[in-house]
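>>> Could you work out the structure for the sequence below:
(2 chains)
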Amino acid sequence: MSELPERLRKFVWNDRGAPVQKVWDTSSLSSFLACPRYYDWSVLNGWRHASYGTATGFGSAVHEGFEQMEIGKFEGKSKEESLAMAIKYVLENFGEELNMSDDKARGLESALRAIVWRAEEYWDDNLKLATMPDGTPALEQRFEVPIGNNGHRFSGRIDKIVTIDDRLYIVDFKTTKTSLSDYYFKGFMPNNQIFAYIWACREVLKLPVDGAIIDGVQTGVNFTRFARQVFNVHKDLLDEWYDDTIHHLEISDVYANSGYYPADFTACNNYGGCKFRETCSHSGTQREMFFKEDFKQQLHADLEETKPMTLEVIDGGGK
Amino acid sequence: MTKEKEDTLEIPTELLESDPLELAENEKGIQTIVAYLQATRENVRSAEASGKRISKATATKTAPKKFDKNPLDMLISET
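Here you go, the predicted structure:
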């Protein structure tokens, strides 16, 4: 079945023909913790809203534009040269897609503005980009490491590692339309992503990072704002997060083995309401009707590639 | 040219609405867009400092030039 021995598949089919996750990340972990049924339908079985618009890649455009600026600076280019390089990169790689955005706060002009304004704001930055042992800039560092003893792995992508007064911090860029207030930053402590990335850096990659910095970018139709917050995380908190995560992954194994993912109604109204709220409010054939009419299934590539020939795509997910 | 037009940034609409791949090859066009966006930042910062609501108009309305010296000192020295 596995034609890619060099890469562990993120998802596999189990003996019962049900999808199981082998490589976790903070997004899937958060989905699982919010509601196991949501996780089963959304993450494992790939049910998406049929009317869900095409993502314009705004966040990626801004992230990668910033990264081009950082590379230019690292290579000793001037601010103007780095800006020209970043703008050209975004136009070439995201321009057409961003021009299709109906949301003016997340279109091409907003992406270019975020890059230009950020250069004005942070070119003379006190956060210095760290250098990896091989001499490359510490940007876009991907990791995939074992977690626990039950064959689980954890993956992530660290946007940037910086030094402040000889102390290492990981940096995560966040683009948002939300105001970069104290309330916004409070959402990152405690936080699975922050803890997971610091854990991976300290315990697995052996990088002595002190903490994490959330580098926020608020984009509006006519403005962009920037704010940062530093989070130092004590070892005890990370140990606690690790133990909790192992416990949650063990529970996920129990659900996977039994093929039963219970619902947790406490998360139904989070973030404007779960996309499956209506579906969960109906049963039996009515539920199947909701799936047929409102959703489409898009399995992860690992599952599509290895789909058992005899498996029929489950209609409705509510097994 | 009216005073109002003098005080308003020229929006490079043609460039912003052009084919992104063509624009990516237009070095001068990219410089024009960068200069325009840098200017809007100054305007928005000035507008925010004076508590104004941020709109397309405030972003493109050129902020009044700042005096190098205290305006009162300037008035005294000119009299």
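
>>> Determine the three-state secondary structure at A:Asp124.
coil (DSSP: H, G, I helix; E, B strand; the rest coil).

>>> Make sure A:Glu121 is actually in contact with A:Phe226.
Yes - at 5.3 Å, A:Glu121 counts as touching A:Phe226 under the criterion of Cβ atoms under 8 Å. Using the backbone N, CA and C atoms, a C-beta is placed for each residue, glycine as well.

>>> Near chain A, which residues of chain B? Just list them.
Neighbours of chain A within chain B, by Cβ under 8 Å from any Cβ of the partner chain: B:16, B:20-21, B:23-24, B:27, B:30-31, B:33-34, B:37-38, B:40-41, B:44, B:54-56, B:58-59.

>>> hmm, try it at 7 Å
Within chain B, the positions adjacent to chain A are B:16, B:20-21, B:23-24, B:27, B:30, B:33-34, B:37-38, B:41, B:44, B:54-56, B:59 by Cβ under 7 Å from any Cβ of the partner chain.

>>> Show me what the longest helix that chain B contains is packed up against.
In chain B, with assignment by DSSP state H, the single longest helix is helix B:27-49. Packing partners of helix B:27-49 (3 or more Cβ pairs under 7 Å, 6 or more residues apart in numbering or on different chains; DSSP states H and E): helix A:79-99, helix A:108-122, helix B:13-16, helix B:56-60.

>>> give me that answer again for 10 Å
Helix B:27-49 sits against helix A:79-99, helix A:108-122, strand A:224-232, helix B:13-16, helix B:20-24, helix B:56-60, with contacts defined as 3 or more Cβ pairs under 10 Å, 6 or more residues apart in numbering or on different chains; DSSP states H and E.

>>> roughly how far is that helix from the heart of the chain?
Mean-position distance between helix B:27-49 and its chain equals 6 Å (Cα atoms, centre = their mean, to the nearest Å).

>>> for that helix, which positions count as buried?
B:29-30, B:32-34, B:36-37, B:39-41, B:43-44, B:46-47 (16 or more other Cβ atoms under 10 Å in any protein chain shown).

>>> Then stretch A:151-169?
Quick answer for stretch A:151-169 (16+ other Cβ under 10 Å): A:152-156, A:158-163, A:168-169.

>>> hey, C-alpha coordinates of that stretch in PDB?
Extracted in PDB, the C-alpha atoms of stretch A:151-169 (Å, rounded to 0.1, in the frame of the first residue of the first chain):
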ATOM      1  CA  GLY A 151       3.100   5.600  17.200                       C
ATOM      2  CA  HIS A 152       1.700   9.100  17.100                       C
ATOM      3  CA  ARG A 153       3.700  12.000  15.500                       C
ATOM      4  CA  PHE A 154       3.200  15.700  15.800                       C
ATOM      5  CA  SER A 155       4.000  18.200  13.000                       C
ATOM      6  CA  GLY A 156       4.100  21.900  12.600                       C
ATOM      7  CA  ARG A 157       5.700  24.800  10.800                       C
ATOM      8  CA  ILE A 158       7.500  27.600  12.700                       C
ATOM      9  CA  ASP A 159       7.300  30.800  10.800                       C
ATOM     10  CA  LYS A 160      10.500  32.300  12.200                       C
ATOM     11  CA  ILE A 161      13.000  32.000  15.000                       C
ATOM     12  CA  VAL A 162      14.500  35.200  16.300                       C
ATOM     13  CA  THR A 163      16.900  36.400  19.000                       C
ATOM     14  CA  ILE A 164      16.400  39.200  21.500                       C
ATOM     15  CA  ASP A 165      19.300  39.900  23.700                       C
ATOM     16  CA  ASP A 166      20.800  36.500  22.900                       C
ATOM     17  CA  ARG A 167      17.600  34.700  23.800                       C
ATOM     18  CA  LEU A 168      15.700  32.600  21.300                       C
ATOM     19  CA  TYR A 169      12.000  33.000  20.500                       C
END
